Structure formats: structure tokens, C-alpha cells
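Q: next input, structure requested:
(2 chains)
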Amino acid sequence: MTELATMDFHPQPRPGTARPWAFPAPERGALDNGLTVLRCHRPGQQVVAVEVLLDAPLDAEPAGLDGVATIMARAFSEGTDKHSAEEFAAELERCGATLDSHADHPGVRLSLEVPVSRLPRALGLLADALRSPAFDAGEVERLVRNRLDEIPHETANPARRAAKELSKELFPASSRMSRPRQGTEETVAHIDAAAVRAFYERHVRPSTATAVVVGDLTGVDLDALLGETLGAWTAAPAKPRPAPPVTADDSGRVVIVDRPGAVQTQLLIGRVGADRHDRVWPAQVLGTYCLGGTLTSRLDRVLREEKGYTYGVRAFGQVLRSAPDGTGAAMLAISGSVDTPNTGPALDDLWKVLRTLAAEGLTDAERDVAVQNLVGVAPLKFETAAAVASTLADQVEQHLPDDYQSTLYQKLAETGTVEATAAVVNAFPVDRLVTVLVGDAAQIEEPVKALGIGEVRVVRAE
Amino acid sequence: MPMGHTATAEAGSGGLTATEHRLANGLRVVLSEDHLTPVAAVCLWYDVGSRHEVEGRTGLAHLFEHLMFQGSGQVKGNGHFELVQGAGGSLNGTTSFERTNYFETMPTHQLELALWLEADRMGSLLAALDDESMENQRDVVKNERRQRYDNVPYGTAFEKLTALAYPEGHPYHHTPIGSMADLDAATLEDARAFFRTYYAPNNAVLSVVGDIDPKQTLAWVEKYFGSIPSHDGKPEPRDGSLPDTIGEQLREVVEEEVPARALMGAYRLPQDGTRACDAADLALTILGGGESSRLYNRLVRRDRTAVAAGFGLLRLAGAPSLGWLDVKASGDVEVPVIESAIDEELARFAEEGPTAEEMERAQAQLEREWLDRLGTVAGRADELCRYAVLFGDPQLALTAVRRVLDVTAEEVREIAKARLRPDNRAVLVYEPVAAEAETPEAAETTAEGTSNDEESAK
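A: Have a look, this model is predicted:
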């Protein structure tokens, strides 16, 4: 069959001796104003990452004003007591800095990245934004209009559309989690500068906030710098808000969001399960990777590399919200897109993969490769300051200890095949999955009904 | 063979150094040491991209890139992915107009494995390439095309603009993803011929960056790659040169089911590797980069006619670069309102040039982008290959920031005046229609999923 190459072949090389690596341990402290600070020196990382977490969760948004946390987050970069909106953006860019902020269920997060040479100036701007945001009526109105303009773009995007529908299906209507994080046309239209300021005054203060600073801090007097900048931020203290419990209806069913003429069907198959506080988490991470973490995992081995139905399908677990008492929930899901004519066969294969996994379990070889990957990639994954800062911030947000990530690696390495199998089978039970399909209902409804994976309902195109 | 480049840091390189070597079979090797983290990046650039494709076979370079992950002489099936990931590494491949790259980032102690794998497929891919993997990856790539371009609003804008900006028959007229018809038409023999023509050590650059022992690394490279025969006979790519300006405004109106009106444009700009290209980069940054740019301030903040407005630069070495404009309209605003505001801003900029503060901001932003790119071993490995393949000198990667910082305000004004004009652009206007989807169509393609102007294997 082949043409034999004329190169010299050598046996596959054996690995050398691993150089030890550990997830960096941050130093924890607090400023006089109550702001918690985690810092971490990463030699060579010239771009410093700063994350600020605010205890302003989405469930704190007033009724009918979904999206006010998002508008507030965006308005932080739209001017302060020292700079107009245009000047603020210009000053940040003059530092070569980026400032992103977004609101999610656990709270509002601001992420600053800046070359260390310009850290003092950028930290000053960040502190101004938190301490004395302008929330100018005209700028807020513009942000509201801009947000309203974004919504149709999100609706037109199959992956975003699927995520919105799954939240609506899974969570009770009374739960903030059932509704779009950034609000709907109706709620966003009611947001104004007064509403943004009221939300800010009620939920934003240093005593319930945390700043994480990571990068090459050689020669930086961080204490003095933080004192002059974030240290100047004051507000009356308040107690952290209790998080409402998360409940979800994961009875097996299918919702098709109709998109006539779509050449592919977007799949999002999910439910709610354990968060990082649960002892099962490491096994769940491991099992989920074996199911759909990469191109050689069970799902893609069939759906992509054998059948060619998709460019790739992934299984993942993503923490929605965790509370200090150790309760919380994660979204467990499988997502990807498959070509329209093969939607039925692809879902049939996907369910077969899940059933086979439940019946036969994972193999030791699969488990070993997964552990080697998940643990082995850590030094690559955390090369940049931003990656370390973001993980440290996640830990704070989820009320986990500062050494959580390093402990997780030990636990992954100790997790056996049986535990990983049990965890992933429990995470993705075939009869308790809510399937959202964004695609051409006229072509996919009948084949999907024939699979018997739950009642099928069609949501007509908006 | 070592060529004896010294490893002394140049000014503006952030203390980074690289050495260059060449094996007897023509494989160029670039090494750069950095022991801060126990990781090493391997990056291999083959000097072949979609510009080398012939009529009727668009998308072949990218489809072929996928086949490079389907096994080779000593590697079974998906072994390349399995072995790298099982060693705690990450990997992918991408195809653009001008090159195809393959890369692995490994924990230091697994570096040798990545070199062995890359050598195996460079020397013996055809021992494993068969109909089954060809048929399977053809379907995967077609689904990649559907997912990234055909099934998303405005998904084919880049493909349409490129086709407008580069004339029929020009090597950059089509994008790396290719057409469905050509993907269907590609044969196993096409793939074999493609490999025999372009996949040779003398048509590639290998960079290894990170926690490495250069001497040991070079010995491994010699051991695994050294016996792969070189071969000549690669056809020169078709000439990509074009006049400096288009000379007229090209225009296409697309009526499609999209959420809002959009105005997109492609300006013909100087080739990468020139000082004028760096000046154009600064001009586009001042006009349309970030949220303090002239277009953002005018359209999004003041006129409130747009949801988003920005410029990007697609740097190309073998043809004119593209200045890429993307504006999404707000509410019911009509395109001519936006277009005349843009023309006004560009004309004013061409007359007045940038302010000192605008230059400072744009240079700070571009400097920061370089720090990001050179801040990881994988990013550095890719840039070293890029400068070696496209410009013959990897050292240029380490001084790129300095060159951007050297550009003057007057040079920025000159390039804007000469190039950012209505008669030097292709314009694509989107007018939304209700329901009834049409099939729309992008620059890079990847093995596993990535940016708009790149296609990847994964």
C-alpha cells in the first residue's frame, strides 16, 4: 500500500526526569480598608495580571433589572471623578493595559493586564474606577443601548442561543440562573444611571472584595503601591450576602430551537451537578475528560474521528456558584455541532457512548492517560500571570482554600479508574439530561423523536 | 550544523536570544533558552499555505494539515494526539495563506518525544495515509467549515472580502478553508502529491524554545530529522504582487439573514516586513484599535450609530497586507450614515496625522501585544519560525517591538494618506433579510479550532 520512507527510524524515546513544578502559593493579606489581597511573584512574567472580585452577584439584582450588574461592570471603564469616559479609555491604552469586567452569578470581576513598567499608573486607574466611578447618565444610556443592540447578535449565534435555552429549561423561573446573565431586551431597557449607582452603593465595597496580583514583581513595592491606589477606596462595611440554593429540573427531554435552513445543529446537553467542594470533583474532572475532554476522548473518537459528523464535541463541568458553607453547583454539559442530515445518527451515537460507558466503565489505560494529561499540562497551563491570577480568583470566588489547585493535582493523581467511572456515569446519566438543539426543526425533529431520549418540544424561531 | 550565531541579547529583545543551525538536509533549526518554567515548545513551520493551492483544489493545504494527525510510519491512528497529551503536552496545527504550522508544548522532560513525533510524520507520513483517514477528515473539515463560517452570521464575510480584495486568479483570492466543492473533489493522490511536493526538511523551519539544553536538543534534532531526505522541485508560488492601490472602490452588497446591518472593508496595505507595514499597523490602531480609537469614539460613543467599530491588520509577506474594517450598525442606522462618518475621519487623519498622545497610546498597545506573544514559550517559538520562514531571519522576531517604536508620526500620516482612501478598498455591506437562510462563507483554518484567519486540526 505504501511508499516506504527512506529515513532512519528510531524507537520512541523515553521521558527524562521530570523537573518539579507546583502551582504557586499566593501570599494573603488585607489592606486597612478591608480589601483582601492575594499576591504572587512570577519571575519573567512582564505582563502583570490583576483581578478584582466584587461581592455583587446576579441574584442581588433588583427584580425587573436583570443586567444592571453587567451595565455597572461595563460602566467602571466609562469615566471617574478624574477622567471622562474617553479620557479613561485613552489613559488605560496609554499604559498598554486592558481592563475587562463582567458580571456572573457569583459576582462582578474586573481583570486588568498591564506591563509591569506601567503597573502603578494602571492600578491608579483601576482604583479610581472602583472608588469613584462617574456613572454619567449619558454614558450609562449609551451602554444600555449598546447592550440592547448586542442581544440580536447573541440570539443569532447558535452556541449562545443554545446556552440561553438550556438555562431557561434547567432552572425554575424564580431563579436568577434561569435568565440571561446580561439581561433581556425588556429588563435592560429599564436600566439607568440611578439604578447602576444604587446597585453599586449597595454591593460594591472593599471589605467584601478581593484583589489578586500576579506577575514579575521584582523591584515593585506592592504594599506602598496598593496603599496609594486600592487602599484609598472606602465604603461602609457590609456582611456578605448568603447565596440562594441551586435547584434544577434535569428530567430527560429535548428542546429544539428552530432555525430553518441551518446547515448544522448546535447541541448542548446538560444538567446540574457537584461543584469543587464535593469530594467527587477530582473524579468527575477525570471521568469527564475521558468522556469528552479532547479529540481522542470517547465522544470525538466516534463522532469526529470515526464518523466525521462534527469538528468536535466536548464534555465539561463549569462551576456556576459555590457558597462558603460548601454547597454549590456546576453545569455539567456536552456541546458541539453536527451537520444537519446526521443530527439523528450523531445523537444516537452520543447516547450509545454514554450507555457503553455506564455498562462497561473506563479502562485503566484511559484513566492513566487522562491523569498524565490533566496533571502534566499544569506547568504549561499556568505559564502566564493571567492564567495564575484567574485560577486564584476562581478559588476565592468559590470559597476554596488558596492551596486548592495544588491539592487538586494530588487528588487527581490518586483517583482510580473505578471512582472516575462512577463519577462520570453519575454526572451524565442517560435519562437525566436536558438536550437543547438549535437547528432546522423540519429536518431534525422526526429523527430525534425516533431516538427515544425524551419528549421533544420545538421552540419556533424568533 | 551550527552556523555560529551568538547568543547575545539585542536591544529591545527583552533579554531573549536565539541561535540558528542548519542540518545537512536543509532543515533550519532555531533554539532559544529560557529556564523559568519546566516547559519546552516545539514549532515547525512548513513553507506552504493556501497560496500554493491550484484551481479546483482550494482547501487542500488545510485538509492535508488534518491528515498529518492521522498517523505516520511509527505512529498509529490518533497516536500523535494521544502520545503528546498523555505526556502532559498540548498540540495543534494551523494553516494560513502563507504557511502551515505544527506545534507542541511539552513538560521539559518530554521534549524528545515531540521531536520524534514531528520527525516521524515529516519523513514517513505516506506510510500511513489511506482512504479511510482521507474520507473521515474530509467530513471533519467540511463540518469545521459549517461550524465556523457557514452556520454563523457574517461567517463568510472574510472569504467574500478576500475574494474582492485580491483579483480572480491571485494566489490570495481564496482563503485557507477552501470551498465545499473543492473539498469534495480532493483525492488521496492529491494529498500524496502535496506531501511529496511541500513536506521536506529543506522547506521547513523547526524552533525549540524554553527549558532546553541547546546541545542536547540539537543532537536529538540531528538524530531524528537528520536522515530525512531533502528534495527539490517545489514550484514557486504564483506571484502575489499587485499595484500599491486598488484604484477603485470595489463593492458587494450581501442580503442575508443577519441580526444587523454591517459595513466591512478591506484596504490594500504594504507587505509585512516593511517599515511602511509597521506604520500602517500604528495607523489602524489609532483609527480602530481598542476603545479610545478615533472610529470607536466617533461611531460608538458620539454618533451612536454602531455597536462595534474597529480595524485589524492581516499581515502578509507574499502579497499586500489587508487592513480589515468591521462595523456593526446600531438599531436601524443606515450604512451610508456610517460610511460617510468613516470617510470623514480617515480623510481628517490623512491630513492632520496622529497626535503625540495617539502615537504613544498605539505604540504602548502594540508593545503590549508583543509582550504577550513573546511571554510564552509557544508564542516565542511561533514568532521565531515566522521570521525565519517569511523573512529569512529569526532574530527579527526579537527586535520587532523596537521597529514599531521607531516609526514616526509623519510616516503614519503618509501611509494613511496613501492607502486609507475610498479608491483603495473593497467594501462589503450586509443588509438583513428575514428568514430563509442562504449559504454564506474565512483566513486561517486549524486542526482543533482557532482564530478567523487561521484553520486548525483539532
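Q: where do the helices sit along the stretch 351-458 of chain B?
A: Along the stretch 351-458 of chain B, counting by DSSP state H, counting those that start in this stretch, helices occupy B:356-374, B:377-391, B:400-406, B:409-419.
Q: between those, which gets nearest to A:A193?
A: Among those, the nearest to A:A193 by Cβ to Cβ is helix B:356-374 (27.7 Å). Glycine gets a C-beta too; all of them are placed from N, C-alpha and C.
Q: and that closest one, what does it pack against?
A: Helices and strands touching helix B:356-374, by 3 or more Cβ pairs under 8 Å, 6 or more residues apart in numbering or on different chains; DSSP states H and E, are strand A:47-54, helix A:85-94, strand A:107-115, helix B:275-288, helix B:377-391, helix B:400-406, helix B:409-419.
Q: the first one and chain B, are they touching?
A: The reference is to strand A:47-54. Yes - with Cβ under 8 Å from any Cβ of the partner chain as the measure, strand A:47-54 is seen reaching chain B through A:V47.
Q: so what strands line up beside that strand?
A: strand A:107-115 (antiparallel), strand A:210-215 (antiparallel) (DSSP bridges).
Q: and the contacts of whatever helix or strand comes next after the longest one?
A: Where DSSP states H and E defines the elements, the next helix or strand beyond strand A:107-115 is helix A:119-131. The set of residues that contact helix A:119-131 without belonging to it, under Cβ atoms under 8 Å, 6 or more residues apart in numbering or on different chains, is A:48, A:50, A:52, A:76-77, A:80-83, A:88, A:91-92, A:94-95, A:97, A:99, A:110, A:112, A:114, A:204, A:206, A:209, A:215, A:220, A:225-226, A:228-234.
Q: switch to 6 Å and redo it
A: Residues outside helix A:119-131 that contact it (Cβ atoms under 6 Å, 6 or more residues apart in numbering or on different chains): A:48, A:76, A:80, A:82, A:91-92, A:95, A:97, A:112, A:114, A:225, A:229-230, A:233.
Q: so for that helix, mean pLDDT?
A: The average pLDDT for helix A:119-131 rounds to 98.
Q: what separates that helix from the chain centre, distance-wise?
A: The chain centre lies 25 Å from the centre of helix A:119-131; the measure is Cα atoms, centre = their mean, to the nearest Å.
Q: A strand includes B:S32, no?
A: Yes - under DSSP: H, G, I helix; E, B strand; the rest coil, B:S32 falls within a strand.
Q: can you give me the separation between B:K417 and A:E366?
A: 62 Å (Cβ to Cβ, to the nearest Å).
Q: same thing with B:G240?
A: B:G240 is 47 Å from A:E366, by Cβ to Cβ.
Q: and the strands in chain A?
A: Using DSSP state E, the strands of chain A run over A:27-30, A:36-41, A:47-54, A:98-104, A:107-115, A:210-215, A:253-258, A:264-273, A:310-322, A:328-339, A:434-439, A:455-459.
Q: and the ones you listed: which comes nearest B:A40?
A: Per Cβ to Cβ, nearest to B:A40 of the strands of chain A: strand A:47-54, 21.1 Å.
Q: extract the CA atoms of that closest one and return them as PDB.
A: Provided in PDB are the C-alpha atoms of strand A:47-54 (Å, rounded to 0.1, in the frame of the first residue of the first chain):
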ATOM      1  CA  VAL A  47       2.600  41.500  31.900                       C
ATOM      2  CA  VAL A  48       1.100  41.700  35.300                       C
ATOM      3  CA  ALA A  49      -2.500  40.400  35.900                       C
ATOM      4  CA  VAL A  50      -4.800  42.000  38.500                       C
ATOM      5  CA  GLU A  51      -8.200  40.500  39.200                       C
ATOM      6  CA  VAL A  52     -10.700  42.200  41.500                       C
ATOM      7  CA  LEU A  53     -13.700  40.300  42.800                       C
ATOM      8  CA  LEU A  54     -16.700  42.200  44.000                       C
END
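Q: what are the contacting residues of it?
A: A:107-116, A:119, A:204, A:209-215, A:385-386, A:389, A:393, A:396-397, B:371, B:375.
Q: over to stretch A:265-277?
A: A:158-159, A:162, A:166, A:248, A:250, A:280, A:319, A:322, A:326, A:328-338, A:340, A:343, A:398, A:400, A:427, A:432-433, A:435-439, A:444.
Q: average pLDDT for that stretch?
A: For stretch A:265-277, the per-residue pLDDT averages 97.
Q: also stretch A:301-319?
A: According to the model, stretch A:301-319 has a mean pLDDT of 97.
Q: repeat for stretch B:145-158
A: pLDDT averaged over stretch B:145-158 gives 95.
Q: sorry, back to before: of the helices of the stretch 351-458 of chain B, flag the one that's most buried.
A: Of all the helices of the stretch 351-458 of chain B, helix B:377-391 carries the top mean neighbour count, a mean of 24, counting by mean count of other Cβ atoms under 10 Å in any protein chain shown.
Q: quick one: end-to-end distance for stretch A:223-234.
A: 17 Å (Cα to Cα, to the nearest Å).
Q: close enough to count as contact, A:G292 and A:G312?
A: No - in this structure, A:G292 is not within contact of A:G312 by Cβ atoms under 6 Å, at 9.2 Å.
Q: of these two, which one has the most company?
A: Using other Cβ atoms under 10 Å in any protein chain shown as the criterion, A:G292 and A:G312 rank with A:G292 on top: 26 against 23.
Q: dump the residue contacts of the more buried one.
A: Contacts of A:G292 (Cβ under 6 Å, 6+ apart): A:299, A:314-315, A:334.
Q: let's see that with 10 Å instead.
A: A:298-301, A:303, A:312-316, A:333-336, A:350, A:353, A:424, A:428 (Cβ atoms under 10 Å, 6 or more residues apart in numbering or on different chains).
Q: how close does it get to A:T265?
A: A:G292 is 17 Å from A:T265, by Cβ to Cβ.
Q: just the buried ones from the contacts of stretch A:265-277?
A: With burial judged by 16 or more other Cβ atoms under 10 Å in any protein chain shown, the buried subset of the contacts of stretch A:265-277 is A:158-159, A:162, A:166, A:248, A:250, A:280, A:319, A:322, A:328-338, A:340, A:343, A:398, A:400, A:427, A:433, A:435-439, A:444.
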